[in-house]
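Asks: coords below, sequence missing:
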DNA sequence: AAATGTAACTAACAATTGTTAGTTTTGTAG
DNA sequence: CTACAAAACTAACAATTGTTAGTTACATTT
């Protein structure tokens, strides 16, 4: 009973994330979502409380995982390169787990309304921790002396948009992807 | 008369692109757009033919510029690294010119309806040309032997999302950005 | 001054939106 | 087999959507 409810609820959340990825939050109607789940729109409200809340839950769940993850990485007692590789690995793992949610996080965060401030806090915190890793690496001489913001932006953008790309490759093996992407991002492509 | 009409029309297009960037195409109403321009919604239709057409014009205009640009670069008689730098430069220049339009291109292309096929054609053509440059560089030994798709995805994603970033830096000087981003993307960040 | 064309306006439309109320079906526990 | 709760349904709501029709204000050309 509780099990059945949960799985129906989760089915709604997962379907919603998928639709949000395809058309964006605003373009997905509750009737679309209901049809995709195989019920009528009004029946959705036996399981969820509002469209808003679906979005908030999808996005904040992921955002919190990222923030917790980078907090742990920053505190680790290793060199900068290892930390950067761990950040890359975390992105690949979380994106593989939930590519549709990642799409919503990237594209629909501005529709969070009540939870928007909380989301922006998490994002700023994440970016600051990332920046602190980079600055550390530049001080220690592990990283080149390129513009910090350019470096930061360039890597972070690639990682944030993995969701566009990961589902296409039918298992390019997580491990291989982590290794190859680390090389590409950290060491470049020019021989 | 014709001049005045054009500038009002262009004001609408530019304002629309800005709003599309902030909230996405579906979340922007014709009343939002009208208010931002300072008139009533119905008056918009003295200048434009539909909401759809505003989006199509914004996106396809840019998409065609990119396609024409890369066609020219591919045909150039230079080495691969130079070609890649030219692709990077093109992205920076076009994004600086029209960051809001770039946002619409990236996030709202799926709402193109009638023009969707044409857009997808242009995009595929662009990606294929980009890939041909990369493959050429790997054959000639100018590029490392990393996975082609990873390399392609990683660079292209960074370039496509420059719009998120370029308006923030109050003139990080186009030239400097082109040079620094080329180094970061091609040679990596690890010392 | 008369005529013309552009661009604004008000009012309204049919369709669609998220959501609620009230009712019926369905599956399970006693 | 009965009772009950979970989850589906139908019907409807008030608000909002893109767009059209018809009208008015304004400037420029005759």
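Replies: In hand now; what should we look at? Because the structure is predicted, anything quoted here is derived from the model rather than measured.
Asks: for the residue nearest in space to the middle of chain A, list the residues it contacts.
Replies: Compute the mean C-alpha point of chain A, and by Cα atoms, centre = their mean the closest residue is residue A:102, 3.9 Å away. Contact analysis of residue A:102 by Cβ atoms under 8 Å, 6 or more residues apart in numbering or on different chains lists A:62, A:94-95, A:160, A:162-163. C-beta: built from backbone N, CA, C; applies to glycine.
Asks: which element, helix or strand, includes it?
Replies: Counting by DSSP states H and E, the element that carries residue A:102 is helix A:99-107.
Asks: okay, now the closest residue to residue A:142 other than its chain neighbours: neighbour count?
Replies: The shortest distance from residue A:142 to any residue other than its chain neighbours is 4.5 Å, reached at residue A:80 (Cβ to Cβ, 6 or more residues apart in numbering or on different chains). By the measure other Cβ atoms under 10 Å in any protein chain shown, the count of residues near residue A:80 is 19.
Asks: for the residue of chain A found nearest chain B, phi and psi?
Replies: Per Cβ to the nearest Cβ, the residue of chain A with the smallest distance to chain B is residue A:188, at 3.0 Å. The phi/psi pair for residue A:188 (degrees, to the nearest 10) reads phi 80, psi -170.
Asks: tally of neighbours for it?
Replies: Count around residue A:188 with other Cβ under 10 Å applied: 21.
Asks: is the helix holding residue A:102 anywhere near DNA strand C?
Replies: No. Contact of helix A:99-107 with DNA strand C (Cβ under 7 Å from any atom of the strand) is absent, the minimum separation being 14.4 Å.
Asks: that helix: how far from the chain's middle?
Replies: Relative to its parent chain, helix A:99-107 has a centroid offset of 6 Å by Cα atoms, centre = their mean, to the nearest Å.
Asks: next, the angle from it to helix B:99-107.
Replies: Interaxial angle of helix A:99-107 relative to helix B:99-107 (axes from the mean of the first three to the mean of the last three Cα atoms, to 10 degrees): 170 degrees.
Asks: if we can go back for a sec, got a list of what the residue nearest to residue A:142 touches?
Replies: Taking Cβ under 8 Å, 6+ apart, we find residue A:80 in contact with A:133-134, A:136-137, A:140, A:142-143.
Asks: my guess is residue A:132 contacts residue A:71. True?
Replies: No. Counting by Cβ atoms under 8 Å, residue A:132 stays clear of residue A:71, with 11.1 Å between them.
Asks: just checking, which helix or strand of chain A averages the lowest pLDDT?
Replies: One helix or strand of chain A scores below all others by mean pLDDT, DSSP states H and E: helix A:2-23, with a mean of 85.
Asks: just want the angle from whichever helix or strand comes after that helix to helix A:2-23.
Replies: Counting by DSSP H and E, the next helix or strand C-terminal to helix A:2-23 is helix A:30-37. Per the same axes, to 10 degrees, the angle that helix A:30-37 makes with helix A:2-23 is 120 degrees.
Asks: what comes up buried for helix A:30-37?
Replies: Judged by neighbour count (16 or more other Cβ atoms under 10 Å in any protein chain shown), helix A:30-37 contains these buried residues: A:30, A:32-34, A:37.
Asks: that older thread, what does the least confident helix or strand of chain A rub up against?
Replies: With contact meaning Cβ under 8 Å, 6+ apart, helix A:2-23 is reached by A:28, A:32-33, A:36-37, A:44, A:47-48, A:54-55, A:57-58, A:98-101, A:103-104, A:107-108, A:163, B:26, B:110-111.
Asks: list residues touching both of residue A:132 and residue A:71?
Replies: Residues touching both residue A:132 and residue A:71 by Cβ under 8 Å, 6+ apart: none at all.
Asks: confirm residue A:78 sits in a strand?
Replies: No. Assessed with DSSP: H, G, I helix; E, B strand; the rest coil, residue A:78 is coil; it does not lie in a strand.
Asks: tell me how many other residues crowd it.
Replies: Neighbour tally, residue A:78, other Cβ under 10 Å: 10.
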